[in-house]
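I'll drop the sequence and a predicted model, then ask my questions.
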Amino acid sequence: MIEKESVEEKSASSASDSSSGSTKAGHLEIGGIEVPFTNLDKVYWPESGYTKYDLIDYYLNISEYILPYLKDRPQNLHRHPNGIDQTGFYQKDNEGILPNWIETVRIHSKSSEKEIEYMLCQKEATLLYMANLGCIEINPWSSRVEKLEYPDFTVIDIDPSDKNTFEQVIEVAQAAKEVLDMAGIVGYCKTTGSSGIHVYIPLGAKYTYDEGRDFTKLLCYFINEMLPEFTTMERNVKKRGPKIYLDFLQNRRGQTLAAPYCARPKPGATVSAPLQWKEVKSGLKLQDFTIKTMNKRLETYGDLFTGCSGRGNRYGSRANEVK
């Protein structure tokens, strides 16, 4: 693990060493790999004044926490190279454009009728390379390359409309916890870093995407019955109205969500932050979890998502709860 000096200091050090041929100017040696960094002063969050440097420095400092949720998972790169006020774009196929030290995996796409070369984020150097590309948020698959058809978890995406309050989102998350407790199911929650909350249910790569999605749909029905006044399972935006959408359809092969601990291209540089269930209560604020506050939180609580990718639940069996 490299020492947690700032990217700025390390880049300056790398540049001074370049005369000896040991490290290229504009590169930073990470784990024996020279990673290129450019335009560190480019502003990514205009309202806050946070720059690409701030993003890279954040990932540099929390890499040991986020990497376990990225390794062996195909990445769907979501790039904002000109900051959050400019339209970003997704990049899946990386054939022929990545350094040879970055690992990839080729996966056949039925919709594209071709093989796509996905990036794998196996190490810290790759994570920071992604940040330099403008990948503010990191979007891995729910399954790993060795068992692509079997996700490690299924997710309830509590997705509010612009008419809902975050207090209502909290109430829905509390209802989700009540449903999980009644069924004897262990779940983990995190902020989305945007406006909602994700509830992760470990599956231990025992079930297919279809099975996990069907199970999540059943749980969402129970949540909807508890809070019919402001939740819905209607996918059509116009039909769902001013209600919180209980999205279970995110659970399909190739679909991605913001990873635990990743930054989001949202005002304030919010982070998708794992929570203790006792924190999911009135007064919880998404703005408390940003690239400037997460280091201290991690020092205090450590990784609250440990076990989420473990052996998983068996439907309705307390004997198989994740510890």
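Cool, the structure landed.

Okay, and the residue nearest the centre of the chain sits in which element?
Nearest residue to the geometric centre of the chain (C-alpha atoms, centre = their mean): residue 259, 1.2 Å. In the assignment (DSSP states H and E), residue 259 maps to no helix and no strand.

residues touching the nearest residue to it once chain neighbours are set aside, list them.
Using C-beta to C-beta, 6 or more residues apart in numbering and skipping residues adjacent in sequence, the residue nearest residue 259 is residue 138, 4.6 Å away. Using the backbone N, CA and C atoms, a C-beta is placed for each residue, glycine as well. Contacts here follow C-beta atoms under 8 Å, 6 or more residues apart in numbering; on that basis residue 138 touches 66, 70, 75, 78, 121, 127, 130, 258-259, 262.

A strand includes residue 129, no?
No: going by DSSP: H, G, I helix; E, B strand; the rest coil, the assignment for residue 129 is helix, not a strand.

okay, residue 320: pLDDT?
At residue 320, the model reports a pLDDT of 34.

for residue 15, that is, sorry about that
So residue 15 comes in at 38 (pLDDT).

what does residue 109 give?
86.

next one: residue 80
97.

Please renumber the chain so that the first residue is 22 from this point on.
Done: numbering now begins at 22, and the last item shifts to residue 101.

residues in contact with it?
For residue 101, the contacting residues are 65, 107, 109, 155-157, 286, by C-beta under 8 Å, 6+ apart.

Touching, residue 184 and residue 263? I think so.
Yes: contact criterion C-beta atoms under 8 Å: residue 184 and residue 263 qualify, at 3.3 Å.

Measure how buried residue 136 is and give me the count.
13 (other C-beta atoms under 10 Å).

Bridged to it, which residues?
residue 129 (DSSP bridges).

quick one, strands of the stretch 22-171 of the chain?
48-51, 54-57, 64-66, 71-72, 95-96, 98-100, 110-112, 125-130, 135-141 (DSSP state E, counting those that start in this stretch).

That'll do, ta.
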